[in-house]
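> fold the following for me, if possible:
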Amino acid sequence: MLVAGFPAEAFGTNCYVVAPAPGEQCVVIDPGIGVVDRLDAVLAEHRLQPAAVLLTHGHVDHTFSVTPVCGARGITAYIHPDDGEMLADPTKGLSADLTSLFGGRFTWAEPEDVAPLHDGLILKIAGLELTVDHAPGHTRGSVMFRSDGAEAVCFTGDVLFKDSIGRTDLPGGSMTQMMASLRDKVLTLPDDLVVLPGHGPQTTIGRERARNPYLREATQSPTRGW
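Take a look at the predicted model:
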């Protein structure tokens with residue numbers, strides 16, 4: 001499997017391109033702010049043709065370029081319905097300070113073709129099979145995309161980072177839901193699973209199980225009423 005990742009121009013949001021091999025169709029995960037030119041270069045380098053855009057959640061730093069990427073190729077954007085309103089109005093997921101920063105500063109258009117994701121869905125796109133794990137907490141509709149087999153990886157969005165997790169203080173966020181997601185969706189994954197997060201460097205489930213304070217907290221309170 002080919003995975004090429006690079007950070008967006010703002011907020012260090014990781015955009016990923018995933019394909020079975022060079023010269024094949026691919027999916028684009030989380031095309032954030034200012035990624036279009038870099039994305040085009042990655043696609044050309046590996047001779048890839050996007051078949052869909054997958055969104056881990058609806059925050060604008062992960063979705064900013066979804067409409068131009070989809071529109072240029074006539075492809076579908078996939079997002080969990082609980083975050084769908086942010087594709088229509090990105091300010092729905094922003095704090096007052098961020099709304100002030102972004103509000104009125106860019107023209108926004110929702111992708112023409114949007115399809116829903118749900119927990120346990122197995123996406124079969126571009127020769128790939130990716131399992132969708134609904135993991136709310138950072139947002140109501142946060143999901144992770146997980147592949148199986150010898151080259152298993154998990155695209156965790158802002159659910160899990162190296163040594164940390166996504167913030168839960170924005171609209172739709174919930175630390176209660178986040179801890180339940182860490183306990184029920186993340187801690188059940190194998191230690192050798194490679195984690196490709198929405199921000200920062202890659203890690204593994206095993207490393208985070210041992211060192212991430214939020215996972216340790218979830219581990220130590222398995223029966224707590226989150």
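
> in PDB, list the C-alpha atoms belonging to the top helix by length along the chain.
Longest among the helix segments of the chain by residue count, using DSSP state H, is helix 36-46. Below are the C-alpha coordinates for helix 36-46, written out as PDB (Å, rounded to 0.1, in the frame of the first residue of the first chain):
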ATOM      1  CA  VAL A  36      -4.100  21.800  -3.700                       C
ATOM      2  CA  ASP A  37      -0.700  22.400  -5.400                       C
ATOM      3  CA  ARG A  38       1.200  20.000  -3.100                       C
ATOM      4  CA  LEU A  39      -1.500  17.400  -3.600                       C
ATOM      5  CA  ASP A  40      -1.400  17.700  -7.400                       C
ATOM      6  CA  ALA A  41       2.400  17.300  -7.200                       C
ATOM      7  CA  VAL A  42       2.100  14.100  -5.100                       C
ATOM      8  CA  LEU A  43      -0.600  12.700  -7.400                       C
ATOM      9  CA  ALA A  44       1.600  13.400 -10.500                       C
ATOM     10  CA  GLU A  45       4.700  11.900  -8.800                       C
ATOM     11  CA  HIS A  46       3.000   8.600  -8.100                       C
END
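
> and it, what's its mean pLDDT?
The average of the pLDDT scores along helix 36-46 is 97.

> swap in stretch 211-225?
Regarding stretch 211-225, the rounded mean pLDDT is 77.

> low-confidence ranges in this protein?
93, 95-106, 150, 221-226 (pLDDT under 70).

> quick one, helices of it?
Secondary structure of the chain (DSSP H): helices located at 36-46, 60-63, 66-71, 85-88, 96-102, 175-181, 205-211, 213-220.

> and the last one, C-alpha only, in PDB?
This file holds the C-alpha atoms of helix 213-220, laid out as PDB (Å, rounded to 0.1, in the frame of the first residue of the first chain):
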ATOM      1  CA  PRO A 213      -1.500  10.100  29.500                       C
ATOM      2  CA  TYR A 214      -5.000  10.200  28.100                       C
ATOM      3  CA  LEU A 215      -4.900   6.500  27.100                       C
ATOM      4  CA  ARG A 216      -3.400   5.700  30.500                       C
ATOM      5  CA  GLU A 217      -6.400   7.400  32.100                       C
ATOM      6  CA  ALA A 218      -8.800   5.500  30.000                       C
ATOM      7  CA  THR A 219      -7.000   2.200  30.700                       C
ATOM      8  CA  GLN A 220      -7.100   2.800  34.500                       C
END
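
> check which helices and strands that helix is in contact with.
With contacts taken as 3 or more C-beta pairs under 8 Å, 6 or more residues apart in numbering; DSSP states H and E, helix 213-220 sits against helix 175-181, helix 205-211. Placement of C-beta: from N, CA and C, glycine included.

> gap between A77 and D83?
11 Å (C-beta to C-beta, to the nearest Å).
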